[in-house]
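A.B. asks: model the following, please.
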Amino acid sequence: MKYLRNLSLAAVVIMAATALVTGGASAATKLCVSTPGLTANECPANKSEPNPSSNVHIEAKVTNPPGLVITTNITTVTCEEASMTITANTSTNVSPTTSITGEVTNLAEGNCKTAAGQACTTTIVNLPYEMHLQGTIEGLTNTSSLTITDAVGAGFKSVCGFVINCTFTTKEMTLHGVNKTTPTTTEFTASHVPLSRAGGICPATAELDATFQVTTPSGFTVH
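C.D. replies: Model prediction:
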């Protein structure tokens, strides 16, 4: 009986170890692009992986309409132009982590107006921000998440005449990523992200909505 118990225990340990290995493999994150001549490394057909040991420069722009939207209890501020620059440290995750690390090195917003048409000036604060990029979220193919964090707060100061003069920040924001086919790229969407407020004329509540589409590198997708 003791022999059978030991054998059963050994079987459980083996199955658990196998599950961990399988789970780790399925949780791997990989960046793929359409640039020819690079290593395939399990990327989809006609795509390849950038040099795994080199930084990957990623640029994304907000899709229109409506653009980047800050909804407050006072008014809605819409920025028709917004862009984000990311430097990924690698093109695939480094075990034992399942995410790709890096930084948001630049963020820009332009052509911002209130619902009444009052022009706003925007100044980005506290750059750079830490980022984590993870593929295959909740087991769904062609999905990913982009998490942006900053100990002080990632965000911007908006001045809209005498209506708003406030710094909006968040210490953590997760954007949901989906690979697209027309064009082939990844879109990252922030939905109802609550924002902290600080300044002379601030609303009582504020949240951010925006969708960024990767424009560089060409054919960029996350797996």
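A.B. asks: hey, let's count contacts and neighbours off CA atoms from now on
C.D. replies: Fine.
A.B. asks: for stretch 116-129, how far is the first residue from the last?
C.D. replies: Stretch 116-129 has its terminal residues 32 Å apart, counting by CA to CA, to the nearest Å.
A.B. asks: which residues touch it?
C.D. replies: For stretch 116-129, the surrounding residues in contact (CA atoms under 8 Å, 6 or more residues apart in numbering) are 103-114, 148-150, 152-161.
A.B. asks: give me the subset of those lying in strands.
C.D. replies: Using DSSP state E, 103-114, 148-150, 152-160 are the members of those that sit in strands.
A.B. asks: which of the residues you listed are buried, as a PyMOL select command?
C.D. replies: Listed next is the PyMOL selection for buried residues among the ones in strands among the contacts of stretch 116-129, using 16 or more other CA atoms under 10 Å:
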select buried, resi 103+104+107+109+110+112+113+114+148+149+150+153+154+155+156+157+158+159+160
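A.B. asks: who's in contact with residue 106?
C.D. replies: 84-86, 127-128 are the contacts of residue 106 under CA under 8 Å, 6+ apart.
A.B. asks: what of residue 210?
C.D. replies: Neighbours of residue 210 in contact, by CA under 8 Å, 6+ apart: 62-63, 67-69, 189-191.
A.B. asks: buried ones among those residues?
C.D. replies: Going by neighbour count (16+ other CA under 10 Å), the contacts of residue 210 have 62-63, 67-69, 189-191 buried.
A.B. asks: find the centremost residue of this structure, please.
C.D. replies: For the chain, the residue nearest the mean C-alpha position is residue 146 (2.2 Å; CA atoms, centre = their mean).
A.B. asks: my read: that one touches residue 175, true?
C.D. replies: Yes: using CA atoms under 8 Å, residue 146 makes contact with residue 175 at a distance of 5.0 Å.
A.B. asks: which residues do those two both contact?
C.D. replies: In contact with both residue 146 and residue 175: residue 188, using CA under 8 Å, 6+ apart.
A.B. asks: if we can go back for a sec, from the contacts of residue 106, which land in strands?
C.D. replies: 84-86.
A.B. asks: could you pull up the contacting residues of residue 44?
C.D. replies: residue 32.
A.B. asks: what does residue 200 give?
C.D. replies: Here residue 200 is in contact with 165-166 (CA under 8 Å, 6+ apart).
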